[in-house]
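In: any chance you can model this:
(4 chains)
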Number of protein chains: 2
Amino acid sequence: MAAVDRSLVANLPMFAGLTPTEQDELLREARSIRYSKGAAVFDQGAEADRFFVLLHGHLRVEKTTSQGQQSVARYVSAGELFGVAQAMNLTHYPATAVAAVDSIALAWPSSSWHRLIVKYPSLASTALQTVGSRLQDTQARVMEMSSEQVEQRVAHALLRLAKQAGKKVDAGVEIDFPISRQDVAEMTGTTLHTVSRILSAWEQQGLVEGGRQRIVLRDTHRLHSLAEGEEAVRANKRAP
Amino acid sequence: MAAVDRSLVANLPMFAGLTPTEQDELLREARSIRYSKGAAVFDQGAEADRFFVLLHGHLRVEKTTSQGQQSVARYVSAGELFGVAQAMNLTHYPATAVAAVDSIALAWPSSSWHRLIVKYPSLASTALQTVGSRLQDTQARVMEMSSEQVEQRVAHALLRLAKQAGKKVDAGVEIDFPISRQDVAEMTGTTLHTVSRILSAWEQQGLVEGGRQRIVLRDTHRLHSLAEGEEAVRANKRAP
DNA sequence: CGACGAAGTTGAGCTGGCGCAACCTGGGCG
DNA sequence: CGCCCAGGTTGCGCCAGCTCAACTTCGTCG
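Out: You can find the predicted model right below:
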């Protein structure tokens, strides 16, 4: 475990509003940990003994029901606070976090949480905002799933991914980590077959560009109209 | 506005962990407001100038999409903290809260939030737990909507309502406020028609007892198996 | 460099539940 | 006391998207 320099983290939301001295104090209590692609940062159901800030990389957060149904809750990007189960009074992690690419995180023991928020109230505010914006996102997903067709939901999901983890590339915006059709299906509540059909149709229209575990958005504007239901690229149109 | 006695609120989560003196101080800054059935406590999109604790009654929290699609996000019961938009760094309420029955709430100005959590860190903890458990619930809903049939989702929704706001009655457990088929549909992402068919079928089996804006669960045990997908009371069974 | 497996594509058929429509019912108000 | 209407029920037909299945492509590991 290497010491982490303050300059690397000073502009993260979690450290904003703290003096350099306070930042150093906080950092002194943290460990920096490296996770290689595919490794789990924590597992659903495990004791929530730490909370984290992601320094580098991307994590996929997945939930599995008792019946074995799996679903992708969200992706975590660099700078975000995550694994704050303890702060919400949970004793165990409610989901699994897996490194989608090689990643680095800072970890604090959950037991310090209470002491830290008393000492640094801004920490509590940051956590509230983090959890609050997750709640917003999740509620948005519920509304999409109640009222939108699969095609719109997939469009929304891709646009959200692009906003959160989009890398500008000559052909458009590329999702910055490997993501399968199955992953997209698990984010939108559909099957990989349907996602595949939709992406194929879109590719024909020049809306996206696919590939193995790879999605590039070529026309975010039209994807937006699709997402808002202003038009539709019917995927199962029958040839006459 | 009447002064609120500490003894009425001392055992609410929000006031736990505070000394009687602190409780009094907090109360002194609050206003108590009465809402009659159907009145809005706040409207989606309005400036988030206050946060609340519900003292008595039940609220329905609804969200409407830009396309006009409405959905019920949750119900608030007595004792709960709500309307904490400001704490999540939102300037406007993301949903509308309507009194499902005559209700009473305590209100604080949002502008005091920051000062209060610095003074009473336990407030921040309470808020985090509140928001956290909402996040849990919402994520559970997403998973249900991805992997369950409508019938299971309705069963889950009713059981959740009963747990949160169930009143023991001779025939079983009654939802403690008026709730329409439409409301249930908006909680489960289906249509009032489908809910009606399902409840009718269940009523024939003696699982529930219906009525205008009224639902009584008569066999929570079988409803649980239904919710877990262990059996199914097919609603559209065709007569041979 | 061959072959095995993970990821993706595509076809065909079936069905849950939605949309539409007509109708019933009980509670409240004039 | 009778009318009105919000809330509820029910029948019918249709189709989006799921299931099942076969096949292709790509990457990687022995």
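In: give me the pLDDT for the closest residue to A:Val150 other than its chain neighbours.
Out: Leaving aside its sequence neighbours, A:Val150 sits nearest to A:Thr190 (CB to CB, 6 or more residues apart in numbering or on different chains; 4.9 Å). Where you see a C-beta, it was placed from the backbone N, CA and C, and this is true even at glycine. With respect to pLDDT, A:Thr190 has a value of 98.
In: am I right that A:Thr190 sits in a helix?
Out: No. A:Thr190 sits outside any helix when classified using DSSP: H, G, I helix; E, B strand; the rest coil, being coil.
In: contacts only, for it.
Out: Neighbour list for A:Thr190: A:Val150, A:Arg153, A:Val154 [criterion: CB atoms under 8 Å, 6 or more residues apart in numbering or on different chains].
In: among those residues, which are within reach of DNA strand D?
Out: Among the contacts of A:Thr190, the residues lying close to DNA strand D (CB under 7 Å from any atom of the strand) are A:Val150.
In: go through the contacts of A:Thr190 and name the one nearest B:Leu18.
Out: Of all these, the one with the least separation from B:Leu18 (CB to CB) is A:Arg153, at 44.1 Å.
In: show me where chain A has helices.
Out: Ranges of helices within chain A are A:20-28, A:113-119, A:121-147, A:150-165, A:181-188, A:192-204, A:220-227, based on DSSP state H.
In: what distance separates the first one from the centre of its chain?
Out: For helix A:20-28, the distance from its own C-alpha centre to the chain's C-alpha centre is 27 Å (CA atoms, centre = their mean, to the nearest Å).
In: touching that helix from outside, list them.
Out: Contacts of helix A:20-28 (CB under 8 Å, 6+ apart): A:Ala3, A:Val4, A:Arg6, A:Val9, A:Ala10, A:Phe15, A:Leu18, A:Leu106, A:Leu116, A:Tyr120.
In: the inter-axis angle of that helix versus helix A:121-147?
Out: 60 degrees (axes from the mean of the first three to the mean of the last three CA atoms, to 10 degrees).
In: check whether stretch A:66-73 contacts DNA strand C.
Out: No. Stretch A:66-73 lies out of reach of DNA strand C by CB under 7 Å from any atom of the strand, never closer than 12.6 Å.
In: the residue nearest the centre of chain A and A:Val41: what is the separation?
Out: Relative to the mean C-alpha position of chain A, the nearest C-alpha, by CA atoms, centre = their mean, is the one of A:Tyr75, at 1.5 Å. Applying CB to CB, to the nearest Å, the value for A:Tyr75 to A:Val41 is 13 Å.
In: and for these two, which residues touch both?
Out: A:Leu59.
In: wait, what's in contact with A:Met88?
Out: A:Val131, B:Leu128, B:Gln129, B:Val131, B:Gly132, B:Ser133, B:Leu135, B:Gln136.
In: turn the residues you listed into JSON lines, including pLDDT and distance to B:Glu80.
Out: Formatted as JSON lines, those follow (pLDDT from 0 to 100; distance: CB to CB, whole Å):
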{"residue": "A:Val131", "pLDDT": "97", "distance to B:Glu80": "16"}
{"residue": "B:Leu128", "pLDDT": "95", "distance to B:Glu80": "14"}
{"residue": "B:Gln129", "pLDDT": "95", "distance to B:Glu80": "11"}
{"residue": "B:Val131", "pLDDT": "97", "distance to B:Glu80": "11"}
{"residue": "B:Gly132", "pLDDT": "97", "distance to B:Glu80": "13"}
{"residue": "B:Ser133", "pLDDT": "96", "distance to B:Glu80": "10"}
{"residue": "B:Leu135", "pLDDT": "98", "distance to B:Glu80": "15"}
{"residue": "B:Gln136", "pLDDT": "97", "distance to B:Glu80": "14"}
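In: and those residues, which are buried?
Out: By neighbour count, with 16 or more other CB atoms under 10 Å in any protein chain shown, those hold A:Val131, B:Leu128, B:Gln129, B:Val131, B:Gly132, B:Leu135, B:Gln136 as buried.
In: how many neighbours does A:Pro178 have?
Out: Around A:Pro178 there are 15 other residues, counting by other CB atoms under 10 Å in any protein chain shown.
In: quick check, it in contact with A:Val184.
Out: No. A:Pro178 lies out of contact with A:Val184 (CB atoms under 8 Å); the separation is 12.0 Å.
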